[in-house]
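Q: below is the sequence, then the predicted model.
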Amino acid sequence: MEQADRNQLNEAVNQAFLRYLDTWLRKRDAAALHDLNGPLVHGFGTGANESVYDPDEAREVIERDISQVPEPFEYAVRTAKVTPLCTDVALVAADIGIRNTILAQGQELALDHLRLTLVFRYIDGAWRLEHLHGSFPATEPDGEEAWPLQALEDRAAVLQRKVWERYRAQEAARQCEEGQASTDALTGLPNRERMDELLHREVAGLNGQSGALAVILIDIDHLNLVNEGLGQEAGDRVLADVANILRDRIRVTDALARWGGGAFLLACPMTDGLEAEYLARALRRAVAETDFGLGFPLTASFGVTALQAGDTVPGLIRRAERGLRQAKEAGRDTVQVVCREEIVPG
Ligand SMILES: Nc1nc2c(ncn2[C@@H]2O[C@H](COP(=O)(O)OP(=O)(O)OP(=O)(O)O)[C@@H](O)[C@H]2O)c(=O)[nH]1
């Protein structure tokens, strides 16, 4: 988390904490306090009362607590430390000076000190209480405090590390899943959906600038003959090999995707129709000159087009498809460039 984000989070959680204290201890307002809670509150008592409460149970605990001592508590925040656990969870360890007497298990108990450990979670646009642990530290016979603040802070540091580790692992898993969902497993290339998104982004930003983007649609010729003659696995190998041939010969700024079946789509930014045609010819040659170990030559056909004013992504793709169709009709193993309506033979 960036330092500026951390500062902003600390401030927002601190405000939520102060509002919670004021509502709970000074105002003793059960309804308002209930509104500051999250959907589940953990802890929320001291010692034996600690549990996980749903909203109705939490409301009951709050009302009981306030009905037992309706008078405002005099308190002063001595220290309050906010520790962000991740972007939407934060822990507050606080030391509160307090003057009051409560009835605990039939006995009057004079309070002068309250230690709080609270967890707030950002839910529906507000930091809401999710966990509350309160303790009234007693002085041990040796004069040492039973729960010194340093011990609470040490525990918070351990908790923070553990939550961050878990959060990072979850983020990494989520990003990995997203990557897998948009990658073609056979070739390792981005899939059609990802390329489609990229094209929409590119085309929207380019506004039909001439020479700003070219698109090449590539289709392996007679892939069905490889599948039928040598089996699906041989067809798969051909697909992966062609993907590698293409990948090895394009610029880092170009984007190559598996478009479906035996087809690939290549998007080349800062490339006009002529440059794209040269590239397509070089790629055609590279495929035709490769020995795929099939016992017969393998070729591919290419449809090329370039961005023009007023283009949409579907329009651009349709022109590349038209080029590819023309290339297949012209006998395959060839390149056809389509600029708007006219076809420039390759
Ligand atoms: N091995 C393999 N074959 C695939 C895969 N996806 C599609 N195919 C096959 O690729 C072939 C593509 O067919 P078409 O593009 O219509 O025709 P083609 O045989 O390549 O001949 P052209 O007219 O030259 O395109 C079909 O036989 C599909 O079953 C795949 O992931 N692996």
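A: Structure's in. What do you need? Since the structure is predicted, the reported quantities are computational estimates derived from the model, not experimental observations.
Q: residues from the stretch 51-200 of the chain in reach of the ligand?
A: When proximity is defined as CB under 6 Å from any ligand atom, the stretch 51-200 of the chain approaches the ligand at L186. Any C-beta I mention is one placed from the backbone N, CA and C, and that applies to glycine too.
Q: residue of the stretch 51-200 of the chain nearest the ligand, please.
A: L186 (5.4 Å; CB to the nearest ligand atom).
Q: give the helix, strand or coil label for that residue.
A: Of the three states, L186 takes coil under DSSP: H, G, I helix; E, B strand; the rest coil.
Q: what count of nearby residues applies to it?
A: When counting by other CB atoms under 10 Å, one arrives at 13 neighbours for L186.
Q: ok, now F136?
A: Per other CB under 10 Å, the neighbour tally for F136 reads 17.
Q: isn't it right up against L111?
A: Yes. Under the criterion of CB atoms under 8 Å, F136 makes contact with L111 at 5.6 Å.
Q: which secondary structure elements does the lengthiest helix in the chain contact?
A: Taking DSSP state H as the criterion, the chain has its longest helix at helix 149-181. Helices and strands touching helix 149-181, as assessed by 3 or more CB pairs under 8 Å, 6 or more residues apart in numbering; DSSP states H and E, comprise strand 74-86, strand 89-104, strand 107-123.
Q: let me know the secondary structure of the closest residue to the ligand within the stretch 151-300 of the chain.
A: Nearest residue of the stretch 151-300 of the chain to the ligand: G235, at 2.5 Å (CB to the nearest ligand atom). Here G235 is recorded as helix under three-state DSSP.
Q: and the closest residue to it other than its chain neighbours, how many neighbours does it have?
A: Leaving aside its chain neighbours, G235 sits nearest to N227 (4.1 Å; criterion: CB to CB, 6 or more residues apart in numbering). Using other CB under 10 Å, N227 is surrounded by 16 other residues.
Q: pLDDT score assigned to N227?
A: On pLDDT, N227 comes in at 96.
Q: got it, and the one 10 residues further on?
A: Among the per-residue scores, R237 holds a pLDDT of 96.
Q: can you check Y53 too?
A: pLDDT at Y53 comes out at 81.
Q: name the SS class of G310, please.
A: Reduced to three states by three-state DSSP, G310 is coil.
Q: go on, G205?
A: Per three-state DSSP, the secondary structure class of G205 is helix.
Q: neighbours around it, how many?
A: When neighbours are counted by other CB under 10 Å, G205 comes out with 10.
Q: ok, back up a step: ok, the residue of the stretch 151-300 of the chain closest to the ligand to A93 distance?
A: Distance of G235 to A93, computed by CB to CB, to the nearest Å: 62 Å.
Q: where does this structure dip in pLDDT?
A: Low-confidence segments of the chain (pLDDT under 70): 1-2, 45-50, 101-110, 138-149, 152, 208, 340-346.
Q: repeat the analysis, applying 50 as the threshold.
A: Counting by pLDDT under 50, the chain has low-confidence residues at 342-346.
Q: okay, domains of it per the record?
A: Using automatic domain parsing, the domain parsing of the chain gives 3-178, 192-345.
Q: deepest of these, which one?
A: domain 192-345 (a mean of 18; mean count of other CB atoms under 10 Å).
Q: now do the longest helix of the chain against strand 74-86, angle only.
A: Counting by axes from the mean of the first three to the mean of the last three CA atoms, to 10 degrees, helix 149-181 lies at 30 degrees to strand 74-86.
Q: thank you, goodbye.
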